[in-house]
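Quick one, structure for this:
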Amino acid sequence: MSKFIRAIVVASLCIVGGLAYAADVDGTWTASFDTQVGNQTYTYSLKADGATLTGTAKGNLITDSTLSDGKIDGNKITFVEKGMYMGMPLTFNYSGELAGDEIKFKRELMGFPAEEFVAKRAPN
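Below is the predicted model:
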């Protein structure tokens, strides 16, 4: 087999492998963490489509948020949560790292100190 064909096969396997791994983020994830406005509990519904991530988030203080601009790069994910708190629109920027049934998140809001927490995959 020529080097060129071998390179194409290896590249194709890497791409397919990456897409299969990205699918592991699909499903429901739950988290509870302290913030400047008190304890928050969240349920995230995430869906991967290749390297694109979409979904929704529901919390005890910020309800019915949409997730946009989601990206998956191996075990790293990013997305933006757009929700409302006391009638005020808020935009949170998330980055996270998937490790089995946990996602270690960092969440940032308009220059406030970042919140770090772990979301766990909910049982089916």
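
which residues in this structure form strands?
Secondary structure of the chain (DSSP state E): strands located at 27-35, 38-49, 52-59, 65-73, 76-85, 88-99, 102-108, 115-121.

could I get these as CSV with mean neighbour count and mean pLDDT?
No exception for glycine: its C-beta is placed from N, CA and C like everyone else's. Shown next, in CSV, are the strands of the chain (neighbours: other Cβ atoms under 10 Å; pLDDT from 0 to 100):
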stretch, mean neighbour count, mean pLDDT
strand 27-35, 16, 96
strand 38-49, 16, 96
strand 52-59, 18, 96
strand 65-73, 17, 97
strand 76-85, 17, 95
strand 88-99, 15, 96
strand 102-108, 17, 97
strand 115-121, 16, 97
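
any idea how far residue 33 is from residue 49?
Distance from residue 33 to residue 49, counting by Cβ to Cβ, to the nearest Å: 27 Å.

which ones are touching the residue positioned nearest the centre of the chain?
The centroid of the chain falls nearest to residue 77 when counting by Cα atoms, centre = their mean (4.9 Å). Contacts for residue 77 were tallied using Cβ atoms under 8 Å, 6 or more residues apart in numbering; they are 25, 53, 70-71, 94-98, 103.

and which of these is nearest residue 63?
residue 94 (17.0 Å; Cβ to Cβ).

And the closest one, how close does it get to residue 124?
Counting by Cβ to Cβ, the gap from residue 94 to residue 124 is 23 Å.

Same list, the contacts of residue 77, but as JSON lines with distance to residue 83 please.
What follows is these, written out as JSON lines (distance: Cβ to Cβ, whole Å):
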{"residue": "25", "distance to residue 83": "20"}
{"residue": "53", "distance to residue 83": "17"}
{"residue": "70", "distance to residue 83": "15"}
{"residue": "71", "distance to residue 83": "19"}
{"residue": "94", "distance to residue 83": "12"}
{"residue": "95", "distance to residue 83": "18"}
{"residue": "96", "distance to residue 83": "17"}
{"residue": "97", "distance to residue 83": "23"}
{"residue": "98", "distance to residue 83": "22"}
{"residue": "103", "distance to residue 83": "18"}
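
out of those, who's nearest residue 43?
Nearest to residue 43 out of these is residue 103 (Cβ to Cβ; 12.9 Å).
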